[in-house]
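S.K.: sequence first, predicted coordinates after that:
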2 protein chains.
Amino acid sequence: MSETLLSSRNLAFELYEVLDAEALTQRPRFAEHSRETFDAALATARTIAEKYFAGHNRKADENEPRYVDGRAELIAEVKPAVDAFLQAGFLNANRDFEVGGMQLPSLLSQACFAHFQAANAGTTAYPFLTMGAANLIESFGSDEQKRLFLQPMIEGRYFGTMALTEPHAGSSLADIRTRAEPAGDGSYRVKGNKIFISGGDHQLSENIVHLVLAKLPDAPAGVKGISLFIVPKYLANADGSLGPRNDVLLAGLFHKMGWRGTTSTALNFGDQGNCVGYLLGQPHHGLACMFQMMNEARIGVGMGAVMLGYAGYLYSLDYARQRPQGRLPDNKDPLSAAVPIIAHSDVKRMLLTQKAYVEGAFDLGLYAARLFDDTHTAPSASERQQAQALLDLLTPIVKSWPSEFCLKANELAIQILGGHGYTREYPVEQYYRDNRLNPIHEGTQGIQSLDLLGRKLAHNGGAGLKQLIRLMAATAERASHHPALDELRQPLEQLVNRLQTVTLALLGDMAAGKVSLALANSALYLKVFGHCVIGWRWLEQALHAERGLVNGAAADHDFYRGKLQAARYFLTWEVPGCHTELALLEARDDTCLSMHEGWF
Amino acid sequence: MSETLLSSRNLAFELYEVLDAEALTQRPRFAEHSRETFDAALATARTIAEKYFAGHNRKADENEPRYVDGRAELIAEVKPAVDAFLQAGFLNANRDFEVGGMQLPSLLSQACFAHFQAANAGTTAYPFLTMGAANLIESFGSDEQKRLFLQPMIEGRYFGTMALTEPHAGSSLADIRTRAEPAGDGSYRVKGNKIFISGGDHQLSENIVHLVLAKLPDAPAGVKGISLFIVPKYLANADGSLGPRNDVLLAGLFHKMGWRGTTSTALNFGDQGNCVGYLLGQPHHGLACMFQMMNEARIGVGMGAVMLGYAGYLYSLDYARQRPQGRLPDNKDPLSAAVPIIAHSDVKRMLLTQKAYVEGAFDLGLYAARLFDDTHTAPSASERQQAQALLDLLTPIVKSWPSEFCLKANELAIQILGGHGYTREYPVEQYYRDNRLNPIHEGTQGIQSLDLLGRKLAHNGGAGLKQLIRLMAATAERASHHPALDELRQPLEQLVNRLQTVTLALLGDMAAGKVSLALANSALYLKVFGHCVIGWRWLEQALHAERGLVNGAAADHDFYRGKLQAARYFLTWEVPGCHTELALLEARDDTCLSMHEGWF
């Protein structure tokens, strides 16, 4: 097997054909970059991911973190991997050259990071959380907080976490009970219990900076009374050196079905009444601040789901090419040689489904990263605003769609390997177990569906939705000049049209106060909206494949044919099925809403 | 939580309202039975399942069988559980009174067995395999073979396995390489390697009787050259006492994602050239014989998938009732109390989906058991033949549908528990891991789809299909007298009509030699056919629920309302989606078939 993490040909297609990464080098911020510097970063990421991350993926699964003397102990292979990641500069891939960063576009840093996510989801989580926490302090921290906490995070000496969930409050953050009292010296004393804190303890760094949601004494009820605190594991002395241990106790570890390399912890803050925290950002505005990290994390979770799907797809593809079994249906000669299972139509179906899910979601994830670049570096303010509006709208899809459908891809990878796929002697069952977390953390599928339908659609006067519809129409218009793409374009156009109508109707219901009925089937809406977005992205990929068939090298024709076939699969096999859900949405079907608890 | 394995109210509904178990007591074979004896057997099964099986389900998962000195060692709790099962007589639940059996109808023994499957899939496999192997020897064994091997199996002293798969040949049994040479004394010397042999070694019984597929020296090529052999772990002396160890070597254990309580073994037969086997049935007819056990196993696997889904459904239902989280969408008061999550429409959706899948498949599994009874005890020969034809047709559905959709139910159970569901501190993640085996073993989903479309439909002049269509039409006719059921009946009728047309067209293609194209999308056909069958069974359940609302006790009204709502969910949310697949089948869509290997 030549490639195990992702297809570098497909990555090049995305970066340089579909998403035009080179155009970014025209922007002042990326002017010192070129395709050569991009490719060098990608090659480094791939090398380190293969060399330091992939090798202990199974071992970390089999040897999950252990609770020893109040600490979480990881296997020895994690630290060298994380160190290699740090030394290569990926922790600060997007940061300015002047602070030692690589000043890469997000599109490129996301593409680099994808290699680590495919190689080892568990180990990758530690630097991932650190990057998000550092960005949050960078956005909202005081100069002093940046000096004491951000700087050592940039240097890779401190790691970070996000501490939201409490035993009684997961999705409902309004109900958190963790409290923070002013200590009189500008700091606070935090008291409360948090669970499911990934990376909540380890020995990978000198210190761990927990970003903790808590309520001040004068907090209003609900989400408007949540504040955000920096709570380090060790206090920092004024000179930046490590101070005494803070009152943060590792209360226990969770034992997960998968993703075992990332320690999931229960943390007690302030059991001794002396847990020091520092307010980050404005009082009572913590949730809004935290959403910066959460949104980054949601895109990261989506890409993580993609990459687990991708790794499983490549493994099962290679297996299907190597494994002889059976004969084609019209061959009744038992003496003839068995064919590789990739020759069987149903195996092709399972591979093509995986390809459509994984490469469709991969495109969307990178597209979102490209949008993120536009929010910061697009030439005009209106372009930056449009990009932000669209990214806000797409975030629940970027998070939830891969979490559902790339998990399904992993299910199919197991199926292709058959009995072997079900054993831990092969990697695909771990991908499946790892990926099952993604529809849950950083906002469940249900939360994403409410975020999309109940919040994002109408946000900013529907700016994101209008922009999305414009872009979809433009893609369809370009596709209409390619008769070969008619059968792909038409199902998408039908879906977009009907989805627009349903959307307006549901928004109208909500405006009229019929909120419960409008939101009752938000899961169906999320699925259809996601398929619409992925269908659009596949039509875009198909357009570039058509171009490649005309302009590209002959050696690439198979690659482009595969793109067209996967686009055909998604748009003619998957997209039409959405009309079932649309009919239910149109009818405001209340089958679920009207089910009584006592009837179960 | 009052019930953890299955709902006894629902079981009573199935047995005494839908499937009329009491009518079986009119048949001579079951004349000594009554609802009282049935219920006594069920109560015993439930007690033993709860007391001996459920308790070590997690422990067996965490402590999978270990390879020690050439033996597979299980945890200590397995044997007392299996012994309790044996002592209660469930191993011989269907056998004659005169050999110590309970002479129960299969409908009842299946219902009893379901409790064990829900409590502990792994431990249940040992007696399950033994029952199938014993039945096979009973059907095809010589008197001597029955005396030496069947009798001790009936007594619970010998256990059984089925040994089909080889390292290079899983689905393609035509290619097995295990050989059997006549030894001159009527016995054979077997040589070959088998993998994935469940229960291939343990210390639960004095001896293990492997039923091994192998080829004789003069065997024709392909499946027509496969013979079946009894290969005991220990030879049996002529007086029935245990003889010396046979040349069967435990070569190793497989380490599975789930279902870990059942040891999965690699067995080497004849490494020392001295593995004694006994031909069971006629030479070269081994596969046909084995299919008796395989068909029983397929129905058992389907029911096992149902029961894992059932256990997960009940757990997540109880959790949803207990867990407060969030408020309803139209309540903006953060000071109001959180509601139990069962009040949220999306949680109701996930519960209702589970209920529709689990109770729909449970009904089908018991219906199949009822058909099995009819094949043996229906009054007339034509009824017995009709039952056999229908059971043959339905077997791939009984096996594959729950394997896919009750796995999906387990996925939803995890989702309802959120982060907790992903941890091994709760049982639902194990159900999910256990259930992932079911779409693979005893014939993958792909194999089932080819069996249905390529073999079973046209079998016997389509007798099974005609019978099924008659029964579906009769159900629809009865439903047409209930206007309240119109919205449930109509989608089913539309599906049945279109499916019939597609079926005839595909059979026509095959008859015309267009086999590859006709079978190319067999997976879609399997899904649609399965949904049609389950939709029919839900309409049957809805009819009985309507009757219950009229005739039943007021205390049961909630139960019947729940049935109607689940039927509505399945027939109006799930069944209409099948038209997407039907359109692809009608078009003989070749998206998958025409995908080239080089395009991936």
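M.R.: Good, I have the coordinates. Numbers count the residues shown, from 1 in each chain, chains lettered A, B, ... in the order given.
S.K.: so A:Arg58 sits against A:Glu429, correct?
M.R.: No - in this structure, A:Arg58 sits apart from A:Glu429 without contact. The criterion is CB atoms under 8 Å, and the distance is 10.4 Å. The way it works is simple: take the backbone N, C-alpha and C, and place the C-beta from them, glycine included.
S.K.: which one's more surrounded, the two?
M.R.: With neighbours defined as other CB atoms under 10 Å in any protein chain shown, A:Arg58 and A:Glu429 compare such that A:Glu429 has more, 27 against 16.
S.K.: skipping its backbone neighbours, what lies nearest that one in space?
M.R.: Ranked by CB to CB, 6 or more residues apart in numbering or on different chains and with sequence neighbours excluded, the top spatial neighbour of A:Glu429 is B:Met257, at 4.0 Å.
S.K.: now that neighbour: phi and psi?
M.R.: phi -70, psi -40 (degrees, to the nearest 10).
S.K.: per-residue pLDDT, it?
M.R.: At B:Met257, the predicted lDDT confidence score is 98.
S.K.: what's the burial count for it?
M.R.: Neighbour count for B:Met257, taken as other CB under 10 Å: 23.
S.K.: in contact with it, which residues?
M.R.: For B:Met257, the contacting residues are A:422-424, A:429, A:432-433, B:433, B:436-437, taking CB atoms under 8 Å, 6 or more residues apart in numbering or on different chains as the criterion.
S.K.: quick one: it from A:Glu411, how far?
M.R.: With the distance defined as CB to CB, to the nearest Å, B:Met257 ends up 11 Å from A:Glu411.
S.K.: spit out the residues that contact those two alike.
M.R.: When contacts are counted by CB under 8 Å, 6+ apart, the set common to B:Met257 and A:Glu411 consists of A:432, B:436.
S.K.: in strands, which of the contacts of B:Met257 appear?
M.R.: Nothing among the contacts of B:Met257 maps onto strands, per DSSP state E.
S.K.: of those residues, which belong to helices?
M.R.: A:429, A:432-433, B:433 (DSSP state H).
S.K.: take those and write them to CSV, including pLDDT.
M.R.: Rendered in CSV, the data for those read as follows (pLDDT from 0 to 100):
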residue, pLDDT
A:Glu429, 98
A:Tyr432, 98
A:Arg433, 98
B:Arg433, 98
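S.K.: in CSV, list the residues you listed along with distance to B:Ala463.
M.R.: Formatted as CSV, the entries for the ones in helices among the contacts of B:Met257 read as follows, by distance: CB to CB, whole Å:
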residue, distance to B:Ala463
A:Glu429, 41
A:Tyr432, 40
A:Arg433, 44
B:Arg433, 39
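S.K.: break down chain A into its strands, ranges please.
M.R.: Taking DSSP E as the criterion, chain A contains strands spanning A:66-68, A:71-73, A:158-163, A:179-182, A:188-198, A:207-214, A:227-232, A:234-236, A:242-245, A:248-254, A:264-269, A:276-279.
S.K.: as TSV, those with mean pLDDT and mean neighbour count would be great.
M.R.: Compiled in TSV, the strands of chain A are given as follows (pLDDT from 0 to 100; neighbours: other CB atoms under 10 Å in any protein chain shown):
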stretch	mean pLDDT	mean neighbour count
strand A:66-68	97	12
strand A:71-73	98	16
strand A:158-163	98	26
strand A:179-182	98	19
strand A:188-198	98	23
strand A:207-214	98	26
strand A:227-232	98	26
strand A:234-236	97	19
strand A:242-245	98	13
strand A:248-254	97	20
strand A:264-269	98	23
strand A:276-279	98	24
